[in-house]
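Enquirer: 3D, please:
(2 chains)
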Protein chains: 2
Amino acid sequence: MKPYFGKKVIITGGLGFIGSSLARQLVHLGAEVTLVDSLIPIYGGNLFNIHDIIEEVRVNVCDVRDEFAMAYLLKEQDFLFNLAGQTSHVDSMHDPFTDLDINSAAQLSILEVCRKHNPSIKVVFASTRQIYGKPLYLPVDESHPLRPVDVNGINKLAGEGYHILYNDVYGVRACALRLTNTYGPGMRVKDARQTFLGIWVSRIIEGRPLQVFGSGDQLRDFNYVSDCVAALLAVGASDVSNGKVYNLGSSEVVSLLSLAELLVEIEPQASYEIVEFPSERKAIDIGDYYGDFSRLNREFSWLPVVDLKEGLQRTISYYRENISYYL
Amino acid sequence: MKPYFGKKVIITGGLGFIGSSLARQLVHLGAEVTLVDSLIPIYGGNLFNIHDIIEEVRVNVCDVRDEFAMAYLLKEQDFLFNLAGQTSHVDSMHDPFTDLDINSAAQLSILEVCRKHNPSIKVVFASTRQIYGKPLYLPVDESHPLRPVDVNGINKLAGEGYHILYNDVYGVRACALRLTNTYGPGMRVKDARQTFLGIWVSRIIEGRPLQVFGSGDQLRDFNYVSDCVAALLAVGASDVSNGKVYNLGSSEVVSLLSLAELLVEIEPQASYEIVEFPSERKAIDIGDYYGDFSRLNREFSWLPVVDLKEGLQRTISYYRENISYYL
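Expert: Coordinates of the predicted model:
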C-alpha cells in the first residue's frame, strides 16, 4: 500500500503476535518501522517473531506505561498501531490493577503524548470483541450494547473510548478495530493467555490431547493473522475510519467442538478430550459469539481470505518447525 | 427505613453534597454512620455540610485511593454508599489521570477490599448519566448505548462496570444509580465543578447575572437532593437491585433558559445573560438529556416528590443563610 511507503510507523506490542506480522508487512511496503515491546514474559512479545526482519526494523524495549520513553518514541511518527495490551481475561481477574494500568492508564498516557507532541499522527487501536460481553443477538454488530463480563473487557472499553474521544475532541485521528479470535504463526502457544488456540496447537505438537471445555458448543469466529493485518493496514491508511470502530469477523462460524474435530482431521494423530469448564473461566465466559463485519467490508472492502482449514494447516506447520522458540 | 436501623453504614464522599444529606437521613434512621472524605479543595467535601450531625457520625478524612485506610474502614460495614468521585467534566479533560485514579482505579481497589475482606457488604455506587454521551433518543433509558464524550464519562463507566462485575462474578452485592443533575443544600456553589446550578445560585446571592451558555435550549432534568437520597436508600435496602443499574430523572424537563427564567421568577432581583458557549465546554457538551426512570419507579416505587420550583426556593434560602461556608 502506497500510504505507508517511506512513512514512519510505530507499533506498540511490536514483538507480539499481530504486531510482528504487521511489522513484516509494513517493511515490505517500504515503511520505516519502530517496534515497542515490554517483553513481559507472560505477554506475547517474542524476538523470534521478527527474526527475518530484525535488520529492517528498529526495536525499542520498554513498557507503554513508561510515559517519557513513549513521548520520545512517538514524536515524528506518521502512524501508530497501538497493539500493546494485557490480553488474558483470567489474569485480569487475578490482577485487575495491572490490566487497568496497561489497557486503560497507558492508553490515556499514549494519547496525551500524541495530543501534546504529535497531533497529526494517525492511530489505530487494537480493541476486542470482549467489550460486548455476553451477546444479546448474533452476529454482534458495532451497535450491540457494551456490557463486558470481565475486568479486561471493562478496561479495554475505556482504552477504546479514550481513542475515539481524542479523535472527536482533539482531532488526534484515531480508530479502533474490535478483534475477535486471531490465530496464526507468532501467537503465544505456551498457555491460553492470548488465545486458547495457542495451547491447542502446542498440545497437538506435543502429542497431548487438546481440551474442550464444557459441552464445546460455544460458537466462535476466527481470523488468520494476515487477514487481521490487512484490516489494520486498511483502516490506518484512510481518514474514512477516523473516530470509528469496526468489528472483524469471519464468514466461517464454528463451535469449539467442531474446531477440535477440524484439527483432528488436519492432524490425524491429534485427539481431544471434553473436560469440565474451569469455574474461574465459566464465571466470565461470554457464551456464543460471532461478529458482523459488514461495516469494515462496506467501507474498506475487507473480507477475510484465509479459510480456517488452510490457516490452521499453516499455523501447525509453522509451530512444528519453530516450537522451540515458543515454549 | 428499618433495614438501616443499628446497621454500620459507610459513605465515601461523605462530607460532600449528596453524601452528607444521605448521612443525615441515615442518622435519623438509626444507622451507625462513618463518613470518608478526602476534603480535596476542588471537590465537594465541606465539614459545614454535617455541622448538625457531627456528634452522631464518625468522620475519617482520607482519600479513597488509600487502599490500606479503605481496607481498615470497610471491614465489618453492612452498607457502602460509594459516592466519592471526581465530578467535573472539564477537569477530567485537563487532568485525565486524576479522574482515572479516582473514578476507576480507586473503585476497583474498593471492590477488591470488599471481595477479600467483607464480601457480604451491600454496595450502592453513584454513577452518572454522563456515561450515555450525546443521547440518540429521549428519554434515555438504561438500555441506551454508552458512548461517553469526555474522560469523566469513560472512567465513570469503568467504575460502574467494576461494580456490576463484582456482583455478577464474586457475589459482592452491588448496584448503581445513574444520577442526573442533583441540586440542593450542600452542593458546591464556588464554581461549576459539581453542577452549573451551584454557580448560578451563588451568582444570584451575590447579585450578579447568571450565565446561560449558547442558545440555552438544551433540555435537562433535575433532582432535589432528598429525592436522590430516597433513591439511594431504596436500592441499598433491597437485594432486588443487585447487579442492576437505574436511572434517576424527573417528570419536569426544562431548558436551561427556562430554568434561568424560573430562578428570576423566584428571585425577582436576579437576572441572566446569554453568553457564548465556552469552546472547551462545547466540545464535550451532550446536547439535550433527560432520563427515563421507569425502572426505578417500577421496582422501588420511586418518584421524585420535590418539584423544581420548591426545590430551588429551598436551595436559595439555604444559601442566603449559609453562603459564607461555601465560598
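Enquirer: quick check on residue A:32: phi, psi?
Expert: phi -90, psi 110 (degrees, to the nearest 10).
Enquirer: buried residues in the helix-or-strand element of chain A with minimal mean pLDDT?
Expert: Among the secondary structure pieces of chain A, namely its helices and strands, helix A:279-282 has the lowest mean (mean pLDDT, DSSP states H and E), a mean of 88. With burial defined by 16 or more other CB atoms under 10 Å in any protein chain shown, the residues of helix A:279-282 counted as buried are residue A:281. The C-beta positions use only the backbone N, C-alpha and C, and glycine is treated the same way.
Enquirer: give me the distance from it to the chain's centre.
Expert: Average the C-alpha atoms of helix A:279-282, do the same for its chain, and the two points are 22 Å apart (CA atoms, centre = their mean, to the nearest Å).
Enquirer: for the following helix or strand past that helix, which outside residues touch it?
Expert: Sequence-wise, the next helix or strand downstream of helix A:279-282 (DSSP states H and E) is helix A:294-300. Counting by CB atoms under 8 Å, 6 or more residues apart in numbering or on different chains, helix A:294-300 makes contact with A:141-142, A:177, A:231, A:234-235, A:238, A:240-241, A:244, A:246-248, A:302-303, all of which sit outside it.
Enquirer: out of the residues you listed, who's the most crowded?
Expert: Using other CB atoms under 10 Å in any protein chain shown as the contact criterion, the top neighbour count among the contacts of helix A:294-300 goes to residue A:177, which has 28 neighbours.
Enquirer: any idea how far that one lies from residue B:25?
Expert: Between residue A:177 and residue B:25 the distance is 48 Å, computed by CB to CB, to the nearest Å.
Enquirer: likewise residue A:73?
Expert: Between residue A:73 and residue B:25 the computed distance is 53 Å (CB to CB).
Enquirer: residues from the stretch 101-250 of chain A in reach of chain B?
Expert: Contacts of the stretch 101-250 of chain A with chain B, taken as CB under 8 Å from any CB of the partner chain, map to A:104-105, A:108-109, A:112, A:143, A:145-146, A:148-151, A:154-155, A:157-158, A:161-162, A:165, A:168-169.
Enquirer: can you select the buried ones among these for me in ChimeraX?
Expert: Here the buried members of those are turned into a ChimeraX selection, burial being counted by 16+ other CB under 10 Å:
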select /A:104,105,108,109,112,146,148,149,150,151,154,155,157,158,161,162,165,168,169
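Enquirer: what about the residues of the stretch 101-250 of chain A next to chain B, which are in helices?
Expert: A:108-109, A:112, A:151, A:154-155, A:157-158, A:161-162, A:165, A:168-169 (DSSP state H).
Enquirer: so in terms of bridging, what pairs with residue A:60?
Expert: Under the criterion DSSP bridges, residue A:60 forms beta bridges with residue A:36.
Enquirer: what are the contacting residues of stretch A:261-274?
Expert: With contact meaning CB under 8 Å, 6+ apart, stretch A:261-274 is reached by A:200, A:204, A:207, A:209-212, A:214-216, A:254, A:257, A:260, A:308-309, A:312-313, A:316.
Enquirer: from those residues, list the buried ones, please.
Expert: Among the contacts of stretch A:261-274, those buried by neighbour count (16+ other CB under 10 Å) are A:200, A:204, A:209-212, A:214, A:216, A:254, A:257, A:260, A:308, A:312, A:316.
Enquirer: out of those, flag the one nearest to chain B.
Expert: Ranked by distance to chain B (CB to the nearest CB), these are led by residue A:214 at 17.3 Å.
Enquirer: residue contacts, the closest residue in space to that closest one that isn't next to it in sequence?
Expert: Here the nearest residue to residue A:214 in space, its sequence neighbours aside, is residue A:277; by CB to CB, 6 or more residues apart in numbering or on different chains that works out to 3.9 Å. Shown in contact with residue A:277 (CB under 8 Å, 6+ apart): A:213-214, A:285.
Enquirer: got a pLDDT number for residue A:277?
Expert: Model confidence at residue A:277, given as pLDDT, is 90.
Enquirer: that one should be in a helix, yeah?
Expert: No. Using DSSP: H, G, I helix; E, B strand; the rest coil, the secondary structure at residue A:277 is coil, not a helix.
Enquirer: for chain B, what's the nearest residue on the stretch 201-327 of chain A?
Expert: The stretch 201-327 of chain A approaches chain B most closely through residue A:283 (4.9 Å), counting by CB to the nearest CB.
Enquirer: OK, contacts around the residue lying closest to that residue once chain neighbours are set aside?
Expert: Leaving aside its chain neighbours, residue A:283 sits nearest to residue B:169 (4.9 Å; criterion: CB to CB, 6+ apart). When the contact criterion is CB under 8 Å, 6+ apart, the partners of residue B:169 are A:93, A:149-150, A:283-284.
Enquirer: please apply the same query to residue A:305.
Expert: Listed by CB under 8 Å, 6+ apart, the contact partners of residue A:305 are A:226-227, A:230.
Enquirer: so which of these are in strands?
Expert: Among the contacts of residue A:305, no residue falls in strands (DSSP state E).
Enquirer: those residues into JSON lines, with extra columns for distance to residue A:83?
Expert: Compiled in JSON lines, the contacts of residue A:305 are given as follows (distance: CB to CB, whole Å):
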{"residue": "A:226", "distance to residue A:83": "15"}
{"residue": "A:227", "distance to residue A:83": "15"}
{"residue": "A:230", "distance to residue A:83": "15"}
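Enquirer: just the helices in the stretch 1-150 of chain A please.
Expert: Taking DSSP state H, counting those that start in this stretch as the test, the helices found in the stretch 1-150 of chain A are A:17-28, A:67-74, A:89-94, A:96-100, A:106-117.
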